[in-house]
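A.B. asks: Coordinates only, no sequence provided:
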């Protein structure tokens with residue numbers, strides 16, 4: 001019997017736990033969103049309420065748009081029982097009602113439980129395939145909802161100079177959502193590594209830490225600036241986003257399967273870059289990364305400098321925090337970002353493999369799965385091609401996430 005092979009995408013118990021934890025955090029985040037909206041309304045804090053609703057609605061529309069476009073690119077193929085119970089018109093209605101991503105969550109949870117219990121290779125492949133799209137959608141939601149929310153909550157805490165239960169709870173919930181989505185995204189990229197070059201769990205820990213040390217000071221700097229100059233934070237975002245969107249356009253990305261989808265993706269990349277680096281181009285990106293972090297470090301320093309400068313004002317609103325404390329806070333924010341850059345360098349030196357080949361690169365990648373025997377009347381070459389076409393469920397390679405993995409591991 002001829003032995004041939006494909007790299008199989010496997011669902012580990014760690015990925016299963018992240019799936020369950022992600023679903024739990026999703027429910028918690030919804031509860032905290034409703035609680036925060038009701039609390040702001042009862043307090044008659046209409047400005048924070050308006051921004052919170054803007055973040056929630058805007059992020060939801062963006063995520064649902066990506067979800068629907070990806071369904072359309074796959075000719076509305078549905079893998080799970082949850083999805084199959086809906087007709088095309090019902091699936092469209094769920095997306096219009098901003099509920100499409102929850103169908104994806106339910107489908108991933110369904111297949112994750114089935115594959116974890118049965119250990120069937122085909123179900124593991126489908127589970128990982130579905131989780132790839134979900135991890136990307138969660139990442140988009142993180143940087144379009146959770147990050148702006150955390151900036152809003154930190155700004156409120158700084159302006160009120162007191163810790164209230166609702167604001168702190170929502171800030172913690174946003175931080176947990178950011179941590180979970182970033183880690184799930186990294187583990188999705190890891191699934192494209194061949195077994196002998198597979199990264200350990202420690203690589204995800206280091207990846208999470210340097211992202212935390214880079215994202216946290218960025219959000220804090222924005223909150224410090226917004227707490228003293230709230231009228232200019234929107235101007236800062238629009239100007240920064242337009243410049244970052246321009247560079248995303250110049251990067252000539254090819255992530256989506258339609259012109260509209262690609263423009264939407266580039267606009268989203270500009271939004272993500274406003275908070276953190278996101279690799280979207282082919283080949284080496286060392287100089288682009290250095291340019292980006294240099295810009296963000298300068299921007300953080302400028303925002304913190306303006307915060308300290310406003311604290312020097314004799315006007316009553318700016319005297320809540322002593323100038324020395326403001327300077328220490330600003331210096332700490334810049335220092336933590338530099339520490340995050342140092343940890344990122346350590347990750348790329350010690351934990352990051354530079355690969356020539358990923359899973360799904362060729363139709364004959366090696367795995368423990370036999371091809372059809374020659375008794376079936378096929379030559380070895382014909383058997384390989386027949387296997388690649390007739391058994392697509394064994395691979396279930398998500399080309400979108402594979403593209404991001406190629407960018408990340410190049």
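C.D. replies: Happy to help now that I have it. Predicted model only: the values in this text are computed from it and were never measured.

A.B. asks: wait, isn't residue 107 in contact with residue 130?
C.D. replies: Yes. Between residue 107 and residue 130 there is a contact under C-beta atoms under 8 Å: 5.8 Å. All C-beta spots, glycine's among them, are computed from the backbone N, C-alpha and C.

A.B. asks: what residues are shared contacts of these two?
C.D. replies: 79, 80 (C-beta atoms under 8 Å, 6 or more residues apart in numbering).

A.B. asks: Extract the residue ranges of the stretch 151-300 of the chain that are flagged as low pLDDT.
C.D. replies: Applying pLDDT under 70 to the stretch 151-300 of the chain picks out residues 193-201, 283.

A.B. asks: ranges for the helices of it?
C.D. replies: Secondary structure of the stretch 151-300 of the chain by DSSP state H, counting those that start in this stretch: the helices cover 165-190, 201-228, 233-250, 259-275, 286-311.

A.B. asks: and the ones you listed as JSON lines, adding mean neighbour count?
C.D. replies: Output for those, formatted as JSON lines (neighbours: other C-beta atoms under 10 Å):
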{"stretch": "helix 165-190", "mean neighbour count": "20"}
{"stretch": "helix 201-228", "mean neighbour count": "21"}
{"stretch": "helix 233-250", "mean neighbour count": "15"}
{"stretch": "helix 259-275", "mean neighbour count": "19"}
{"stretch": "helix 286-311", "mean neighbour count": "16"}
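
A.B. asks: and those as a markdown table, adding distance to residue 82?
C.D. replies: Shown next, in a markdown table, are those (distance: least, C-beta to C-beta, whole Å):
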| stretch | distance to residue 82 |
| --- | --- |
| helix 165-190 | 19 |
| helix 201-228 | 28 |
| helix 233-250 | 34 |
| helix 259-275 | 24 |
| helix 286-311 | 39 |
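
A.B. asks: Tell me the pLDDT of residue 62.
C.D. replies: Residue 62 carries a pLDDT value of 95.

A.B. asks: and it, how many residues sit next to it?
C.D. replies: Applying other C-beta atoms under 10 Å, we find 20 residues neighbouring residue 62.

A.B. asks: just checking, it touches residue 268?
C.D. replies: Yes. Contact criterion C-beta under 8 Å: residue 62 and residue 268 qualify, at 6.7 Å.

A.B. asks: Mind listing the shared neighbours of the two?
C.D. replies: Joint contacts of residue 62 and residue 268 (C-beta under 8 Å, 6+ apart) are 140, 144.

A.B. asks: chain center to stretch 214-229: distance?
C.D. replies: The chain centroid and the centroid of stretch 214-229 are separated by 20 Å under C-alpha atoms, centre = their mean, to the nearest Å.
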